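[1] Any chance you could fold what I've pasted below:
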Amino acid sequence: MDAYKFIKDAIILGKYEPGMRLGEETLAKELNLSRTPIREAIKQLEAEGLVIPLKRGVGVRHFTKEDIREIYDLRSLLESYAASQAAVNRTEEDLIELKTANELYEQAIHDHLQSDMTSIRKIVKVNQRFHEAIVSAAKNKHLHFHISKVVVIPIVFRSFYWYTDFHLQQSLEVHKIIFNAIENKEPERARIAMHEHIFQGRDNVLKHLDDIKISHLFKEEVKNDRNL
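    Reported below is the predicted structural model:
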């Protein structure tokens with residue numbers, strides 16, 4: 001049992017709701033593990049910003065609409081810069097990885113079943129691969145660190161959960177525009193396309209968010225999905 005993966009998935013899917021206290025002893029019993037791996041998992045999740053310290057133990061972080069706006073604003077600045085730099089510094093190997101990631105993304109969208117957690121996980125995973133390939137192609141060793149601090153997986157997961165087939169196709173088309181701009185060494189075009197891409201994701205989340213606790217909306221939608 002991987003304590004980190006189990007707890008992170010439980011937070012992403014809403015089994016552990018925002019504000020919920022996560023005690024080491026309770027988690028150890030639930031996962032049938034010693035407290036040491038639980039403690040290590042909590043430290044990692046705290047570093048990722050998914051849990052926050054409480055007077056006793058830690059609690060699942062919740063996100064307000066303002067949090068989401070600020071997070072996506074930072075993502076837009078950082079990732080649009082990464083895309084522009086990738087257009088300048090990319091290698092042929094980078095292009096192969098970007099093309100591969102995009103092809104996998106297109107296939108994942110094609111195979112997607114609406115509201116199916118397994119297919120959403122796959123879409124999120126290959127989408128992340130494409131974005132990470134751009135950061136790698138930018139050839140800036142500091143970018144990955146800073147971007148990793150503002151890419152909050154529960155919010156990304158939720159944005160894809162809400163995507164319609166139209167939104168998914170729209171996302172794929174923007175991926176293709178970004179790839180073409182990077183391939184053709186057009187940094188400004190790549191920057192603008194990435195900026196719009198990130199804001200499309202932001203607008204989709206804000207449109208559906210009517211509670212300050214983003215993961216609270218997972219409850220009814222995933223109550224039958226407990227295959228973490």
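[2] domains of the chain?
    Residue ranges for each domain of the chain read 3-62+216-222, 65-209, as given by automatic domain parsing.
[3] Mean pLDDT for these - can I get that in a markdown table?
    Formatted as a markdown table, these follow (pLDDT from 0 to 100):
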| stretch | mean pLDDT |
| --- | --- |
| domain 3-62+216-222 | 84 |
| domain 65-209 | 92 |
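[4] As TSV, those with mean neighbour count would be great.
    Every residue, glycine included, has its C-beta placed from N, CA and C. Output for these, formatted as TSV (neighbours: other Cβ atoms under 10 Å):
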stretch	mean neighbour count
domain 3-62+216-222	17
domain 65-209	18
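[5] For Gln200, give me its contacts.
    167, 170-171, 174 (Cβ atoms under 8 Å, 6 or more residues apart in numbering).
[6] can you tell me how far it sits from Trp162?
    With distances taken as Cβ to Cβ, to the nearest Å, Gln200 is found 12 Å from Trp162.
[7] now the strands for this protein?
    21-22, 51-53, 58-60 (DSSP state E).
[8] in its sheet, what does the last one sit against?
    For strand 58-60, sheet partners with direction are given as strand 21-22 (antiparallel), strand 51-53 (antiparallel), following DSSP bridges.
[9] Can I get these in JSON lines including distance to Leu45?
    Compiled in JSON lines, those are given as follows (distance: least, Cβ to Cβ, whole Å):
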{"stretch": "strand 21-22", "distance to Leu45": "9"}
{"stretch": "strand 51-53", "distance to Leu45": "5"}
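[10] so which of those strands gets nearest Ala87?
    strand 51-53 (36.8 Å; Cβ to Cβ).
[11] Name all residues that make contact with the closest residue to Ile134 other than its chain neighbours.
    In space, and not counting its chain neighbours, Ile134 is closest to Ala86: 4.9 Å by Cβ to Cβ, 6 or more residues apart in numbering. Residues in contact with Ala86 (Cβ under 8 Å, 6+ apart) are 94, 134-135, 137-138, 182, 190.
[12] Over to Val150?
    Taking Cβ under 8 Å, 6+ apart, one finds 71, 74-75, 78 in contact with Val150.
[13] for the residues you listed, which one is nearest Gln128?
    Of the contacts of Val150, the one sitting nearest to Gln128 (Cβ to Cβ) turns out to be Arg75, at 12.5 Å.
[14] Please list all residues in contact with that closest one.
    Neighbour list for Arg75: 147, 150-151, 198 [criterion: Cβ under 8 Å, 6+ apart].
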